[in-house]
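Participant: would you be able to build a 3D model of this:
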Amino acid sequence: MESLLRRARPALLAGILVVAAGGARGDAGDVFNVSLGHVASHDSNLFRLAPETDAQAAIGSSTRADSYSQSTLRLMADKRLGRQALHAAAGLSRLRYDRFRQLDSDLVRAAGLTANEY
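Facilitator: Residues are numbered from 1 along each chain as shown. Got it, this is the predicted structure:
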């Protein structure tokens, strides 16, 4: 549980900063938007092993449970230029596990497209 609270600290700090910056606002109609997220969770059977399965033999650990957290940052841009619309999005995601660190991952995504009205 302590680890779960430790992992939730960045989200709490981000929440405090957002509340403190109450005058800064954005909506879906803006050209640029930023999205931040943080989730902390615990799973008692991370690999979904059957009760009769020997966890030590299957995953190399007698413990089936783990706590993990995911932090995300997403940047989006939408701009209309006459009859053409430009859309772009980029995102970073960081997934961290307490015990099974081999599952840790960082993901970078980017996408863009144009749309035309005829």
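Participant: what residue ranges in the protein are flagged as low confidence?
Facilitator: Within the chain, the segments meeting pLDDT under 70 span 1-29.
Participant: how about the contacts made by the residue nearest the centre of it?
Facilitator: Closest to where the C-alpha atoms of the chain average out (CA atoms, centre = their mean) is Thr72, at 3.4 Å. Thr72 makes contacts with 35-38, 91-94, as judged by CB atoms under 8 Å, 6 or more residues apart in numbering. Where C-beta positions appear, they are placed from N, C-alpha and C, glycine not excepted.
Participant: what about the strands in the chain?
Facilitator: With DSSP state E as the criterion, the chain has strands at 32-43, 66-81, 84-97, 105-116.
Participant: adding distance to Gly60, write those strands out as a markdown table.
Facilitator: Listed next are these as a markdown table, based on distance: least, CB to CB, whole Å:
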| stretch | distance to Gly60 |
| --- | --- |
| strand 32-43 | 17 |
| strand 66-81 | 13 |
| strand 84-97 | 14 |
| strand 105-116 | 19 |
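Participant: for Leu49, find the nearest of those strands.
Facilitator: Of all those, strand 32-43 sits nearest to Leu49, with 11.5 Å by CB to CB.
Participant: give me the distance from the closest one to the chain's centre.
Facilitator: 4 Å (CA atoms, centre = their mean, to the nearest Å).
Participant: what of stretch 37-47?
Facilitator: The answer for stretch 37-47 is 12 Å, by CA atoms, centre = their mean.
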